[in-house]
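In: sequence and predicted structure below; questions after.
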Amino acid sequence: MSLIFKPRISFSFGSGRSSIVKNKPVHREELIWSKADLQKLVLLRAMRCTYKECGEHFSRSLDACSSIVQKKDLEPGIKKKRKEILAEVLEANAA
């Protein structure tokens, strides 16, 4: 019996070959938001609709709605519109 181990299966599982892995980026289709859609989104958010509800109106995901609010910095417009709606309601009740 020998002290040196000799494997019965030869180690040739492609270890001698070097292969280059090429990453191919996949470009996703980008749906562009129109100005009318952005105004509707601001109005819906001003009326306290959730991002999920907004996404259902536009056939988009809630992540798409929340990210466009951050990208376009629509939050000040939403707060302003919310104040306008509240002022209209309070004015109508006072009259």
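Out: Yep, it's here. Numbering: from 1, shown residues only.

In: now do stretch 24-39, average pLDDT.
Out: The average pLDDT within stretch 24-39 is 90.

In: tell me which residues of that stretch are tucked away?
Out: Neighbour-count burial for stretch 24-39 flags 33, 37 (criterion: 16 or more other C-beta atoms under 10 Å). Backbone N, C-alpha and C define where each C-beta goes, glycine included.

In: so where's the longest helix in this protein?
Out: In the chain, with assignment by DSSP state H, the single longest helix is helix 75-94.

In: average model confidence for that one?
Out: Mean per-residue pLDDT for helix 75-94: 93.

In: how many neighbours does Leu41 have?
Out: Look at Leu41: counted by other C-beta atoms under 10 Å, it has 25 neighbours.

In: isn't it up against Cys65?
Out: Yes: here Leu41 reaches Cys65: they are 6.4 Å apart, a contact under C-beta atoms under 8 Å.

In: what is in contact with the two at once?
Out: Taking C-beta atoms under 8 Å, 6 or more residues apart in numbering as the contact rule, Leu41 and Cys65 both touch 54, 58.

In: show me the helices in the protein, by range?
Out: According to DSSP H, the chain carries its helices in the segments 35-46, 51-58, 62-71, 75-94.

In: same list (the ones you listed) but as JSON lines, adding distance to Phe5.
Out: Output for the helices of the chain, formatted as JSON lines (distance: least, C-beta to C-beta, whole Å):
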{"stretch": "helix 35-46", "distance to Phe5": "69"}
{"stretch": "helix 51-58", "distance to Phe5": "62"}
{"stretch": "helix 62-71", "distance to Phe5": "55"}
{"stretch": "helix 75-94", "distance to Phe5": "68"}
